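Novice: how would this look folded up:
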Amino acid sequence: MQITPVSNALGANVSDVALDELTDDQAAQLVDAWSEYGVLFFRDQHLTPDQHKAFARRFGDIDINRFFNAVDGYPEIAEVLKEADQTANIGGGWHTDHSYDPAPARGSILYAHEIPPIGGDTCFIGMGAAYDALSPPLQDMLGSLTATHSGAHVFGRQSPHRERTADRIGNPDAVRDNVSHPVVIAHPDTGRPTLYVNPGFTTKIDGLTIQESRALLGFLFEHCQRPEFQIRFEWAPGSLAMWDNRSTWHFAVNDYHGHRRYLHRITVAGSELAAAF
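Specialist: Sure, this is the predicted structure:
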């Protein structure tokens, strides 16, 4: 098995491995690589739903998604689907999965079944690298702050997205109370200081005025989207990407209208997050 970094900020390609025949030694290497690189990419895999589940359980318990439609007979596997006649995709904005939960998900494992001939890529950002690039005074200030995260505006009854995605996302009553997390977390596996805010689900910086919070979050969101912190993955049937939700953002590019895109996603449960300082 070969693990090859793809950028200085995050990401690695993993080759010469069959995930349906993974050995314990290979699984241990992937656990370490996932923490180090944030997102791992695999090609030409052949996984049944049961094999997908078995692979995910190598990294922790499965967190059953409360909002996405599930694969028939497999409640642990969420469907990520856009039909050819649909215009709205799922995940079409920078975000981190499950940051609105008290114990955010460790990671997500997405396996491609049907991919458009062109387009439908996923972009990723490394939040450890984004933190490292901030000035020391700003790092010090952020280290003392917490931020509120919410899923209500995306999955709740008042969500502006409900009509466009109602056939794929539902169960608005499963939205929970807002939660607060440190703005700078210690990565649970490595201890690395990592920014933990995202445009999708972070709604405010706790203790600041609305204007102050908007200004600070606006700066951080713009800063994190600098090209040197980003990578982009081009999907093909049989491709698999697994990303660490504690240290990355991702964005599903919606540039394939008229074509179907269908993937299976399993979310790996995580733990409560601690401040880095």
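Novice: C-alpha only now, for contacts and for neighbours.
Specialist: Noted.
Novice: what's the burial count for the nearest residue in space to residue 261 that is not next to it in sequence?
Specialist: Counting by C-alpha to C-alpha, 6 or more residues apart in numbering, residue 115 is the residue found nearest to residue 261 once chain neighbours are left out, at 4.8 Å. Applying other C-alpha atoms under 10 Å, we find 21 residues neighbouring residue 115.
Novice: contacting residues for residue 115?
Specialist: By C-alpha atoms under 8 Å, 6 or more residues apart in numbering, the contact set of residue 115 is 235-237, 260-262.
Novice: 10 Å instead?
Specialist: Residue 115 makes contacts with 121, 234-239, 256, 259-263, as judged by C-alpha atoms under 10 Å, 6 or more residues apart in numbering.
Novice: I'd like to know which of those are buried.
Specialist: Buried members of the contacts of residue 115, counted by 16 or more other C-alpha atoms under 10 Å: 121, 235-239, 256, 259-263.
Novice: Return the member of these nearest to residue 49.
Specialist: residue 263 (11.3 Å; C-alpha to C-alpha).
Novice: gap between the closest one and residue 12?
Specialist: Residue 263 sits 21 Å away from residue 12 when distances are taken as C-alpha to C-alpha, to the nearest Å.
Novice: Lowest average confidence across helices and strands of the protein, where is it?
Specialist: helix 162-165 (a mean of 48; mean pLDDT, DSSP states H and E).
Novice: next one: stretch 133-146 to chain centre, how far?
Specialist: Centroid displacement of stretch 133-146 relative to its chain, using C-alpha atoms, centre = their mean, to the nearest Å, is 23 Å.
Novice: Span of it from start to end?
Specialist: Start and end residues of stretch 133-146 are separated by 20 Å (C-alpha to C-alpha).
Novice: same check, this time on stretch 62-75
Specialist: For stretch 62-75, by C-alpha to C-alpha, the gap between its terminal residues amounts to 10 Å.
Novice: what comes up buried for that stretch?
Specialist: Quick answer for stretch 62-75 (16+ other C-alpha under 10 Å): 62-70.
Novice: give me the element residue 267 is part of.
Specialist: strand 261-268 (DSSP states H and E).
Novice: who does that strand touch, helix- and strand-wise?
Specialist: Packing partners of strand 261-268 (3 or more C-alpha pairs under 10 Å, 6 or more residues apart in numbering; DSSP states H and E): helix 49-56, strand 62-63, strand 70-71, strand 74-82, strand 107-114, strand 240-244.
Novice: now for the contacts of residue 115, which pair is the farthest apart?
Specialist: 238 and 256 (18.6 Å).
Novice: For the residue nearest to residue 261, grab phi and psi.
Specialist: phi -130, psi 140 (degrees, to the nearest 10).
Novice: Next: residue 24.
Specialist: phi -60, psi -40.
Novice: cool, and the one 5 residues further on?
Specialist: Here is the backbone geometry of residue 29 (degrees, to the nearest 10): phi -60, psi -40.
Novice: Determine the number of other residues adjacent to it.
Specialist: Count around residue 29 with other C-alpha under 10 Å applied: 13.
Novice: and the gap between it and residue 113?
Specialist: 26 Å.
Novice: can you check residue 31 too?
Specialist: In terms of C-alpha to C-alpha, residue 31 sits 24 Å off from residue 113.
Novice: Leaving out sequence neighbours, find the closest residue to residue 12.
Specialist: residue 5 (4.0 Å).
Novice: wait, isn't the one you found in contact with residue 14?
Specialist: Yes: with contact defined as C-alpha atoms under 10 Å, residue 5 reaches residue 14; the gap is 8.8 Å.
Novice: Return every residue with contacts to both of those two.
Specialist: In contact with both residue 5 and residue 14: 33, 40, using C-alpha under 10 Å, 6+ apart.
Novice: Please identify the buried residues of stretch 118-134?
Specialist: 119-131.
Novice: Now distance to residue 76, secondary structure and pLDDT too, for those, in a markdown table please.
Specialist: Converted to a markdown table, the buried residues of stretch 118-134 look like this (distance: C-alpha to C-alpha, whole Å; DSSP: H, G, I helix; E, B strand; the rest coil; pLDDT from 0 to 100):
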| residue | distance to residue 76 | secondary structure | pLDDT |
| --- | --- | --- | --- |
| 119 | 27 | coil | 97 |
| 120 | 24 | coil | 97 |
| 121 | 24 | coil | 98 |
| 122 | 22 | strand | 98 |
| 123 | 24 | strand | 98 |
| 124 | 24 | strand | 99 |
| 125 | 26 | strand | 99 |
| 126 | 27 | strand | 99 |
| 127 | 27 | helix | 99 |
| 128 | 29 | helix | 99 |
| 129 | 32 | helix | 99 |
| 130 | 32 | helix | 99 |
| 131 | 33 | helix | 99 |
